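Asker: Next input, structure requested:
(2 chains)
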Number of protein chains: 2
Amino acid sequence: MRNPTFEVFSQGEEIVTGQVVDTNAAWLSQQAVAMGFTVTRHTAVGDKLEDLVQVLLDISARADCCICTGGLGPTSDDLTAEAVAKAFGLPLVFDEIAFRQIEQFFRNRNRQMPACNRKQAMLPQGSIRLANCKGTAPGFALEQGRCWFAFVPGVPSEMRHLFHEHIQTMLADRFVLQPSQLITIKTIGIGESDLQERISKIVIPPQVQLGFRAELGEVQTKLLFPGDYPQLQLENLAHQVASAIGDAVFAIDGFGHQSSDLVSVVDHLMAEKGHALAVVETISQGLLAAKMIGMPWLLSAVYEQSIATLTQRLSVKNHPDDLITTAKALAGAVQKSTGANMVLIQLTASDYYINPHDDKAVTVTSTLLADGEYKHAVRSLAGDIKRKQHQAALSSLDLLRRHLQGKEIV
Amino acid sequence: MRNPTFEVFSQGEEIVTGQVVDTNAAWLSQQAVAMGFTVTRHTAVGDKLEDLVQVLLDISARADCCICTGGLGPTSDDLTAEAVAKAFGLPLVFDEIAFRQIEQFFRNRNRQMPACNRKQAMLPQGSIRLANCKGTAPGFALEQGRCWFAFVPGVPSEMRHLFHEHIQTMLADRFVLQPSQLITIKTIGIGESDLQERISKIVIPPQVQLGFRAELGEVQTKLLFPGDYPQLQLENLAHQVASAIGDAVFAIDGFGHQSSDLVSVVDHLMAEKGHALAVVETISQGLLAAKMIGMPWLLSAVYEQSIATLTQRLSVKNHPDDLITTAKALAGAVQKSTGANMVLIQLTASDYYINPHDDKAVTVTSTLLADGEYKHAVRSLAGDIKRKQHQAALSSLDLLRRHLQGKEIV
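Answerer: Below is the predicted model:
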């Protein structure tokens, strides 16, 4: 069976002029590959009507499916609907329901709908409206020539929402697809080359594609299986790889359940066990708490530039040369004042983390107080200050994750 | 004068399948725009020879200049040179110098050159070699049809190196370029359609391109001027647009100095005036502090899920029905305990912001205590919880920005 072909067409001056990197194209392609499409091309043009028209005509003769992003906004440089109308001879028609949904979007935000937004309710005749509760621009879908097109806004959150809400099902209904199966083994606190070494003894069959992807401290090991690969063998291989990697694995995605990141893994376990947490941050400076947004088990978070000030405020003795002792004393005091059964303290001996121009490595010590016991994790952080901030938040979070999952603390 | 047109053509399965985001296309486009090209299109295809050939033929008839990235590696799926040969009838010729440079690359690293790397010394007849000291693959340049093509590796560091080392000069020599000038007016707390309404009375000359870009609460109004536009008129128009928009403008980029985001604008003013800040966050939950990473004027930040607990800890009376009174009392107490001359308090009457599944709008009140005076900004936040979190952080930050810039507080 030949897979249906899939293209992504991105519209926007900000894309072709390079002001914005087109992450939508990559995201949509990943989804399409996972569903069983063969992605053949990405195209991006600016807001020149004749270019848009030409690309639409070319794609309609070439691809089985195309998702088009951008150009659906209310302003005069948003030309996608007009280009569709011109390319395919489909006049734009006022869509009463789309208009009311746009009005409602503004009403829900206590804002007056500006007149120009009416334009977004003009859809090509015969197209199917894709309601968009995350923004003002509805998407739409239509078939032309060989190709089934879906048009969605370029704002990534809206694009993703419309894809999951409408397009995914429409594609599954419309095409005969043999999805390949992707297993993603997610790790934290281990580098890509270490990972590769640990699994080097495992024989990966040639029809299974092995890949790695590193992003801000998280490394994913990807196993892409063909659709007809025996399920039992698939599971065996995935678990063999995961156990060779060890306790750095915090989640394995691809066995049906939802995809999980480090925060959601921690959230699930904290909520299930009814824990409550208070944190003290230094180098992550609020980012650890920020990552826990929407999680009612986070009671309190404090950032203090000066450890001396913090210890003084909590009437705790500061031991500048003994972070662990200071951390334990702080944890006890925070537990008393917040009533949280778990306390996470992040300290660093160096003050220069607040200097954005200093790339020197810093050591961050995370201390977890839980069930009357203290656990510690020490990490060396390098790179620019935003990278250090992010790594510090992840490393404290990973201490909590290892404790909750009963994994080894390193 | 019409700018020459410029396209980027990216080759690689990892691009079309979405495993890698094509940052090269954006980077090259920025360089091209700055030099005075009009970037008209990005195209990406995988490693199918017939697709590569077709795209090359199309571009040679359409664009004045094209930079092609990827497909120059030593393996069998690297097909770019072959595609060029086939598309333009240029046989691949062994390039002795290229071969010796590849050998040298390996010798310098004490490695044996694998046999397959010889392929990288086969260049299309008549092309100009672009020596690449950062990797094994030389680039090459040639003219076909209307278009001048340069072919470079897809590895970003090699691509950038070849661009700076060879291509930039070749382009400047070859084309008559008039660099255009981009002015970006940056605003916060105002929607795209509101923006457009405010500037609708201003006559924008047809040769000036007006565009908008919205990203997470920040909206940019972009004015792209042709290179020969009179400087005085350019400045007048930019300031006319900015003043029609009003106090929502926090920065105007494009007049030579570095580009500025909201945080860096605040940072600059806080540091210049020697201020020190303490913050209390609710719905932004650490994200406000996290945005101020690397800024030594942030002394302290607190997140507390319960306002009742927070007021109790600071020995302040809680007025659940009067946020402003509570905020003022908290600000005073925080000022006393931290010694910061400025205090920013963020409160919300609703507790349900901690429910990630509730999309109801919430109202956030930011209170700034500075020079013994209190200033307040109230914003309604909608969308999912991460969006609310981000908007809350921005709205508190914008109150601080307006105070520092002496702008109206709304």
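
Asker: Can you name the residues of the stretch 51-200 of chain A that neighbour chain B?
Answerer: Residues of the stretch 51-200 of chain A lying close to chain B (Cβ under 8 Å from any Cβ of the partner chain) are A:51, A:73-75, A:77, A:108-111, A:114-117, A:134, A:155, A:157. (Each C-beta comes from the backbone N, C-alpha and C, glycine too.)

Asker: Bridge partners for A:Leu210, pull those for me.
Answerer: A:Leu223 (DSSP bridges).

Asker: hang on, it packs against A:Lys222?
Answerer: Yes: when contacts are counted by Cβ atoms under 8 Å, A:Leu210 is listed as touching A:Lys222 (7.2 Å).

Asker: Now do the strands in the stretch 51-200 of chain A.
Answerer: A:65-69, A:92-94, A:122-124, A:128-130, A:139-144, A:147-152, A:181-188 (DSSP state E, counting those that start in this stretch).

Asker: buried stuff in the fourth one?
Answerer: By neighbour count on 16 or more other Cβ atoms under 10 Å in any protein chain shown, the buried set for strand A:128-130 is A:129-130.

Asker: on that earlier part again, biggest separation within the residues of the stretch 51-200 of chain A next to chain B, which pair?
Answerer: Taking Cβ to Cβ, the two most distant members of these are A:Asp51 and A:Asn110; they sit 38.9 Å apart.

Asker: neighbour-wise, which of the two wins?
Answerer: A:Asp51 (19 against 10; other Cβ atoms under 10 Å in any protein chain shown).

Asker: now the end-to-end length of stretch A:109-116.
Answerer: 17 Å (Cα to Cα, to the nearest Å).

Asker: residues in contact with it?
Answerer: By Cβ atoms under 8 Å, 6 or more residues apart in numbering or on different chains, the residues outside stretch A:109-116 that reach it are A:74-75, A:102-103, A:106-107, B:191, B:193-194, B:196-197, B:361, B:380, B:382.

Asker: Could you list every helix and strand in contact with the longest helix along chain A?
Answerer: Secondary structure of chain A per DSSP state H: the longest helix is helix A:385-404. Judged by 3 or more Cβ pairs under 8 Å, 6 or more residues apart in numbering or on different chains; DSSP states H and E, helix A:385-404 is in contact with strand A:181-188, helix A:262-272, strand A:277-281, helix A:287-291, strand A:342-348, strand A:362-370, strand A:373-381.

Asker: Using TSV, lay out these together with mean pLDDT, mean neighbour count and distance to B:Gly145.
Answerer: Formatted as TSV, the helices and strands packed on helix A:385-404 follow (pLDDT from 0 to 100; neighbours: other Cβ atoms under 10 Å in any protein chain shown; distance: least, Cβ to Cβ, whole Å):
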stretch	mean pLDDT	mean neighbour count	distance to B:Gly145
strand A:181-188	91	21	41
helix A:262-272	95	17	52
strand A:277-281	97	27	59
helix A:287-291	98	27	52
strand A:342-348	96	24	60
strand A:362-370	95	22	56
strand A:373-381	94	15	52
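
Asker: To A:Asp22, which of those lies closest?
Answerer: When the helices and strands packed on helix A:385-404 are ranked by distance to A:Asp22, counting by Cβ to Cβ, first place goes to strand A:181-188 at 22.2 Å.

Asker: Which elements pack onto that closest one?
Answerer: Against strand A:181-188 (3+ Cβ pairs under 8 Å, 6+ apart) you get strand A:218-225, helix A:231-245, strand A:249-253, helix A:385-404.

Asker: Tell me which strands that strand pairs with, and in which orientation.
Answerer: As assigned by DSSP bridges, strand A:181-188 forms pairs with strand A:218-225 (antiparallel), strand A:249-253 (antiparallel).

Asker: Could you identify which of those has the lowest mean pLDDT?
Answerer: The weakest mean pLDDT among these belongs to strand A:218-225, with a mean of 87.

Asker: what about it, distance to the chain center?
Answerer: 15 Å (Cα atoms, centre = their mean, to the nearest Å).

Asker: Can you name the residues in contact with it?
Answerer: Under Cβ under 8 Å, 6+ apart, the answer for strand A:218-225 is A:180-188, A:190-192, A:195, A:199, A:204, A:207-214, A:234, A:237-238, A:241, A:245, A:261-262, A:394.

Asker: Show me how to select, in PyMOL, the buried members of the residues you listed.
Answerer: Once 16+ other Cβ under 10 Å is used to decide burial, the buried members of the contacts of strand A:218-225 can be selected in PyMOL as follows:
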select buried, chain A and resi 180+181+182+183+184+185+186+187+188+190+195+199+208+234+237+238+241+245+262+394
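
Asker: now the helix or strand of chain A with the lowest mean pLDDT, how far from the chain's geometric center?
Answerer: Taking mean pLDDT, DSSP states H and E as the measure, chain A has strand A:209-215 as its least confident helix or strand, at a mean of 76. Put simply, strand A:209-215 sits 16 Å off its chain's centre (Cα atoms, centre = their mean).

Asker: Show me what that strand is packed up against.
Answerer: helix A:192-198, strand A:218-225.

Asker: List the residues that contact the residue positioned nearest the centre of chain A.
Answerer: Nearest to the geometric centre of chain A sits A:Asp261, at 8.3 Å (Cα atoms, centre = their mean). A:Asp261 makes contact with A:186, A:218, A:251 under the criterion Cβ under 8 Å, 6+ apart.

Asker: And for A:Val155?
Answerer: By Cβ under 8 Å, 6+ apart, the contact list for A:Val155 reads A:135, B:214.

Asker: again, 10 Å this time
Answerer: Under the criterion of Cβ atoms under 10 Å, 6 or more residues apart in numbering or on different chains, the neighbours of A:Val155 are A:24, A:69-70, A:72-73, A:132, A:134-135, A:137, A:161, B:214-216.

Asker: Can you get me a residue count around the residue nearest to A:Leu57 when sequence neighbours are not counted?
Answerer: Of all residues not flanking A:Leu57 in the chain, A:Ala87 sits nearest, at 5.3 Å (Cβ to Cβ, 6 or more residues apart in numbering or on different chains). For A:Ala87, the count of nearby residues is 20 (other Cβ under 10 Å).
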